[in-house]
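Peer 1: Structure of the sequence below:
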Amino acid sequence: MIHALRLPIAILAVVTADRAAADAPRVLPAPEAFLLSPLQAGAGLLQLAQLPAVQRELELTPRQVADVAKVARRFPPDRRWQVPLIDNAEVFPEDLDGTQAEIARHVRQVLTYRQWTRLNQLRLQSLGVGALFTPEVELSLGITPRQRLLARKIVTRARSYTHTLLADHAGGKDSGQIPAEVLSQIRQTWEDAKEKGFELLTEQQRLILADIMGEPFEF
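Peer 2: Residues are numbered from 1 along each chain as shown. You can find the predicted model right below:
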């Protein structure tokens, strides 16, 4: 059985998929930020590599930390890098895949093979149930059409409830800040979604997924 991952406390700023709040940044801890607005592979790896807890896990040297910061300055955040987890309503520029590959290449050049492998594991962990929709997991586990359909329904419900929680607290006096009790509800919502999603897997698929994700990481 896959152990439940403890949610990280590092703060990431994201813009929700709610078009009504498109210009209002939401401050969410990862991996909630990744679950709500998952990033394409290159940008996701870069954003994780900037988290102090992840840098300690990877045992980055001061020089590597500085090099990661240089890569981040070269590729400032771009909302186009967010990937709709359920529907592909947004149309991405033709060169976006090339940009993601370039980001990943620059991050890879900074890290050793061991660090690069671990960083990719952490990205999958940060996605929670969303990891089931990544090409590497789908292919390795042999996700069936029925499993994908049921997982999509689980994520749809979790995202809908999360957006409702965010909308209910939009425009408050603490601009952009989400109350602790709401964050707790969001964490539990995605933890439940992850557990339900992983329950769709066979025992063999769970073993493969645990191997792909590596040792559970406490962000």
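Peer 1: low-confidence ranges in this protein?
Peer 2: For the chain, residues meeting the criterion pLDDT under 70 lie at 1-43, 79-97, 169-177, 219.
Peer 1: which residues in it form helices?
Peer 2: For the chain, the helices defined by DSSP state H cover 32-36, 41-49, 52-58, 62-74, 96-110, 113-127, 135-141, 145-168, 180-199, 203-213.
Peer 1: where's Ile186 relative to Glu102, distance?
Peer 2: According to CB to CB, to the nearest Å, Ile186 stands 32 Å off from Glu102. Where C-beta positions appear, they are placed from N, C-alpha and C, glycine not excepted.
Peer 1: Compare these two and say which is more crowded by neighbours.
Peer 2: Ile186 (22 against 15; other CB atoms under 10 Å).
Peer 1: which residues does Thr134 contact?
Peer 2: Thr134 is in contact with 124, 127, counting by CB atoms under 8 Å, 6 or more residues apart in numbering.
Peer 1: Tally up the residues packed near the closest residue to Gly214 other than its chain neighbours, please.
Peer 2: Closest residue to Gly214 apart from its sequence neighbours, by CB to CB, 6 or more residues apart in numbering: Gln121 at 3.7 Å. If you count neighbours by other CB under 10 Å, Gln121 ends up with 18.
Peer 1: With Ile208 instead?
Peer 2: So Ile208, with other CB under 10 Å, has 16 neighbours.
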